[in-house]
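# no sequence on this one, just coordinates:
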């Protein structure tokens, strides 16, 4: 039976992308860091059969970015007011045949007493769809004023989420070549803990890595890092970057760069560390979306998308390989 204080709202948007493709982008959470600007990383947790339990790490949205998928106002463990990374748990039931994803926040904070909803994707022909984002929520004490405040925040967040989904889904379909992924790997004859520690201790990179000039690392909550760096390019110029990182000792570090160079609209990545019979495989993985508006400005009037892709791949891979090789030397030196 529906609670008498429950409020229900619906938002929708039309997207020029097939319905099954849009549903897949919503259902497969590995897509979220590139689809929803505030999402840094999503991990699956143990869940009962037929449902999902997720832990979502995200940064507080700014005026230039949309909130995350299935976000809710004042969720405990959600984004902090200063924009630092936070995590929150979510329960989902994915219904592929119905192109529907139901969700429920497992933890809320006053004045929210409960919040959940669903994503529904409806075909509008072969290459178009309508996405409906439904929410239902309650306020503590069913206070009308609190319900209105929650409703206003849900309205703002839902509109931003749908706009981000539309923009990124349509861009994916229009030019799949804008987004690409690659990785670099080294084999280390050393301890996985030592390799992981080198990447995790980014506060020491200005002493350990020649291309890093200065570092500012903040980790107010263990495992959630804000990393700002000034790095040197081949021409000697300095470039400032800012990333949020989620660490999983001694296996994995996920990150999302939030201060981006001119040639990118997205940069996410993972450092992974695996013990094998031959040694430790340490891998740096990148996913990038190119900013076509700045290609000729940065690379010259005759530069092409292929030139930009090569330039970005080379620059990121060069720094990754340098970092991996220094981590290798560090770990092997400690054997």
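That came through, no problem. This is a predicted model, so every value here is computed, not measured.
# check which helix or strand covers residue 160.
For residue 160, the element it lies in under DSSP states H and E is helix 144-174.
# elements contacting that helix?
Helix 144-174 sits against strand 7-15, helix 19-27, helix 32-35, strand 112-123, strand 129-139, with contacts defined as 3 or more CB pairs under 8 Å, 6 or more residues apart in numbering; DSSP states H and E. No exception for glycine: its C-beta is placed from N, CA and C like everyone else's.
# on contacts alone, who are the packing partners of the first one?
Secondary-structure packing of strand 7-15 (3+ CB pairs under 8 Å, 6+ apart): strand 129-139, helix 144-174.
# and the angle for the shortest one with strand 7-15?
Pointing back at strand 129-139 there. Put simply, strand 129-139 runs at 160 degrees to strand 7-15, going by axes from the mean of the first three to the mean of the last three CA atoms, to 10 degrees.
# list the buried ones in strand 129-139?
Within strand 129-139, the residues that count as buried by 16 or more other CB atoms under 10 Å are 129, 131, 132, 133, 134, 135, 136, 137, 138, 139.
# wait, which of these is closest to residue 13?
Distance to residue 13, by CB to CB, is smallest for residue 131 among the buried residues of strand 129-139, at 5.5 Å.
# tell me the pLDDT at that closest one?
For residue 131, the model assigns a pLDDT of 98.
# Same question for residue 71.
Residue 71 is assigned 56 on the pLDDT scale.
# which residue ranges form the helices in the chain?
Assigned by DSSP state H, the helices in the chain fall at 19-27, 32-35, 144-174, 192-200, 205-208, 295-299, 305-333.
# and residue 333, how many neighbours?
Applying other CB atoms under 10 Å, we find 9 residues neighbouring residue 333.
# Low-confidence regions, the stretch 101-250 of the chain specifically.
Flagging of the stretch 101-250 of the chain using pLDDT under 70 yields an empty set of residue ranges.
# at 90 instead, please
Within the stretch 101-250 of the chain, the stretches with pLDDT under 90 are 108-112, 140-147, 171-177, 211, 220-221, 231-240.
# need the contact list for residue 212.
The contact partners of residue 212, by CB atoms under 8 Å, 6 or more residues apart in numbering, come to 205, 206, 229, 230, 231, 232.
# thinking again about what came up before, looking at the helices of the chain, which is nearest to residue 252?
Residue 252 lies closest, by CB to CB, to one member of the helices of the chain: helix 192-200, at 8.8 Å.
# Now the closest one: buried residues?
Applying 16+ other CB under 10 Å to helix 192-200 flags 192, 193, 194, 195, 196, 197, 198, 199, 200 as buried.
# for the third one, what are its contacts?
If I follow you right, that is residue 194. Residues counted as contacts of residue 194 (CB under 8 Å, 6+ apart) are 330, 331, 334.
# burial measure for the second one, as a count.
Just to be clear, that refers to residue 331. 24.
# Now do the same contact list for it.
With CB under 8 Å, 6+ apart, residue 331 has these contacts: 188, 190, 191, 194, 195, 198, 280.
# follow-up on the earlier one: looking at the helices and strands packed on helix 144-174, which is closest to residue 48?
strand 112-123 (16.5 Å).
# tell me which residues of that closest one are tucked away?
By 16+ other CB under 10 Å, the buried positions in strand 112-123 come out as 112, 113, 114, 115, 116, 117, 118, 119, 120, 121.
# hang on, the fifth one packs against residue 136?
Meaning residue 116. Yes. In this structure, residue 116 is within contact of residue 136 by CB atoms under 8 Å, at 6.0 Å.
# Now do the shared contacts for the two.
By CB under 8 Å, 6+ apart, no residue touches both residue 116 and residue 136.
# now the helices and strands packed on strand 7-15 in JSON lines, with distance to residue 26?
As requested, the helices and strands packed on strand 7-15 are exported to JSON lines (distance: least, CB to CB, whole Å):
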{"stretch": "strand 129-139", "distance to residue 26": "8"}
{"stretch": "helix 144-174", "distance to residue 26": "7"}
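# Residue 300 is nearest to which of these?
That would be helix 144-174 among the helices and strands packed on strand 7-15, by CB to CB, at 24.1 Å.
# and that closest one, how far from the chain's centre?
Offset of helix 144-174 from its chain centre (CA atoms, centre = their mean, to the nearest Å): 17 Å.
# repeat for stretch 130-145
25 Å.
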